[in-house]
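Novice: the sequence and its predicted three-dimensional model are supplied below.
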Amino acid sequence: MLPRLPRRLARFLPRVLPIVLLIGASTGARAGDFDAITSAIEAGTYKNITSVVVARHGKLVYEHYFDKDGAEGLRNTRSVTKTVAGMLVGLAVERKLLRLDSPVLPYFPELRPLAFADPRKDQITVEDFLTMSSLLECDDDNQLSRGNEERMYLVEDWSRFLVDLPIKGFPEWETRPEKSPYGRAFSYCTAGVALLGPLIERASGQRVPDFAAANLFKPLGIDKAKWQFQPKGPAMTGGGLQLRSVDLMKLGQLYLNGGRWDGKQVIAADWVRRSIAPQANAREGFDYGYLWWLQSFKVDGRAVNSYSMAGSGGNKVFVLPGQDAVVVITTTNFQVRDAHPLSEKLLTNLILPPLMRP
């Protein structure tokens, strides 16, 4: 006899099909495989996890909520939004509204004259912001950086904040772009991704929420999203977009499917390939695509490759091509030290082992 559908899954079935069918059959997962996840999270081992969703072979194999918001809760996964912004840029490029090599500043003539004027600013392209490798002095990992995102939030005009930054210097102990892996010097810069929102709006003539709803969310059956907005009005594409956990899973599944959903090509396959290919080296153990993190894990002596969306607090959407799986982990571990390693430990210790079985 087929297993009975859990009540929480039954509520999602009309929206999640065609990828979600029944738990268990043809997924390689068995009843009880993921029970340890529930027990460990409820015991507080992984601090404040709010949801875990696992899909394999296009079918949901585990879905559990650990807060009062449940399945309908909109999760603020912070910088996971950045990867969604990259998807929207890809859709704009496919529609010939933008080019990867398009200089960005001509879209914002009102921001001239620039502070720290430099001809190299005029050469900064869309791809530079997608790969966190513009030459602007912007580093969220350095509290002293003039471009640190916390400084941006203190002013009204975030676009002007970015373009008025000076060009970054490269002292002898830092690797210049031309000597860096893939020819790009990585520097994590929320302000650069925040500019992609106004850029998409100028190129498309639509507000970001409307462009996203029509071209990305509607084809996937995502009918509930909450954006944050910059003080000057445009949507904040650097963080703060709120989506349901199952809808985050759909975005990962879309890329695992090469941009296809329900038999339709939603995002160009070539854009997906380029997005998840290494474009810059972020730090030891991490490469970076077009706003995707590229990482390999070791589980039982085997390498597991992944590309992921990541946000503060250890919020993650892992795409695992070797396992044909997508894993969503949402948290409120925003003040927890080593929150990202904590989510990765949950993945490697309790989620990946059952997914690695045939």
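Specialist: The structure has been received and is ready for your questions.
Novice: this protein - how does it break down into domains?
Specialist: 7-70+292-355, 81-202 (automatic domain parsing).
Novice: now those as CSV including mean neighbour count?
Specialist: The C-beta positions use only the backbone N, C-alpha and C, and glycine is treated the same way. Output for those, formatted as CSV (neighbours: other CB atoms under 10 Å):
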stretch, mean neighbour count
domain 7-70+292-355, 18
domain 81-202, 18
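Novice: looking at these, which is closest to Arg274?
Specialist: Each of these was scored for nearness to Arg274 using CB to CB, and the closest is domain 81-202 (8.4 Å).
Novice: does Asn215 sit in a helix, a strand or a coil?
Specialist: The assignment at Asn215 comes out as helix when based on DSSP: H, G, I helix; E, B strand; the rest coil.
Novice: for it, give me its contacts.
Specialist: Contacts here follow CB atoms under 8 Å, 6 or more residues apart in numbering; on that basis Asn215 touches Leu88, Leu91, Val266.
Novice: over to Asn305?
Specialist: Each residue near Asn305 by CB under 8 Å, 6+ apart is listed here: Leu294, Gln295, Ser296, Leu320, Pro321, Gly322.
Novice: kindly recompute the last result at 6 Å.
Specialist: When contacts are counted by CB atoms under 6 Å, 6 or more residues apart in numbering, Asn305 is found next to Ser296, Gly322.
Novice: in a helix, it, correct?
Specialist: No. Note on Asn305: no helix contains this position according to three-state DSSP, which reports strand.
Novice: bridge partners for it, pull those for me.
Specialist: Ser296 (DSSP bridges).
Novice: tell me how far it lies from Glu150.
Specialist: Using CB to CB, to the nearest Å, one gets 33 Å for the distance from Asn305 to Glu150.
Novice: hmm, back to that, just the ones of the contacts of Asn215 in helices?
Specialist: By the criterion of DSSP state H, membership of these in helices covers Leu88, Leu91.
Novice: closest to Leu114 out of the contacts of Asn215?
Specialist: Leu88 (25.9 Å).
Novice: what separates that closest one from Arg260, distance-wise?
Specialist: With distances defined as CB to CB, the gap from Leu88 to Arg260 amounts to 18 Å.
Novice: same question for Asp101.
Specialist: In this structure, Asp101 and Arg260 are 27 Å apart, going by CB to CB.
Novice: and stretch 163-181, what's its mean pLDDT?
Specialist: Across stretch 163-181, the average pLDDT comes to 97.
Novice: excluding chain neighbours, what is closest to Arg112?
Specialist: Taking CB to CB, 6 or more residues apart in numbering, and ignoring the residues beside it in sequence, Arg112 has Leu105 as its nearest neighbour in space, at 7.9 Å.
Novice: let me fix that: Arg302
Specialist: Closest residue to Arg302 apart from its sequence neighbours, by CB to CB, 6+ apart: Met356 at 7.0 Å.
Novice: quick one: that neighbour from Leu342, how far?
Specialist: Met356 is 21 Å from Leu342, where distance means CB to CB.
Novice: repeat for Pro234
Specialist: 33 Å.
Novice: what does Val336 give?
Specialist: With distances taken as CB to CB, Val336 is found 7 Å from Leu342.
Novice: next one: phi and psi at the closest residue to Leu100 other than its chain neighbours?
Specialist: With CB to CB, 6+ apart as the measure, Glu127 is the residue that lies nearest to Leu100, at 4.4 Å, once sequence neighbours are left out. Dihedral pair for Glu127: phi -60, psi -30, per degrees, to the nearest 10.
Novice: please apply the same query to Leu135.
Specialist: Here Leu135 shows phi and psi, under degrees, to the nearest 10, equal to phi -90, psi 0.
Novice: pretty sure Trp271 is in a strand, no?
Specialist: No. Secondary structure assignment places Trp271 outside any strand; it is helix (three-state DSSP).
Novice: that one - how many residues pack around it?
Specialist: When counting by other CB atoms under 10 Å, one arrives at 20 neighbours for Trp271.
Novice: give the contact list for it.
Specialist: The neighbourhood of Trp271, defined by CB under 6 Å, 6+ apart, consists of Gly90.
Novice: who does the closest residue to Leu256 other than its chain neighbours bridge with?
Specialist: Distances taken as CB to CB, 6+ apart place Val319 nearest to Leu256, at 5.2 Å, with adjacent residues excluded. The residues listed as beta-bridge partners of Val319 by DSSP bridges are Tyr307, Val326.
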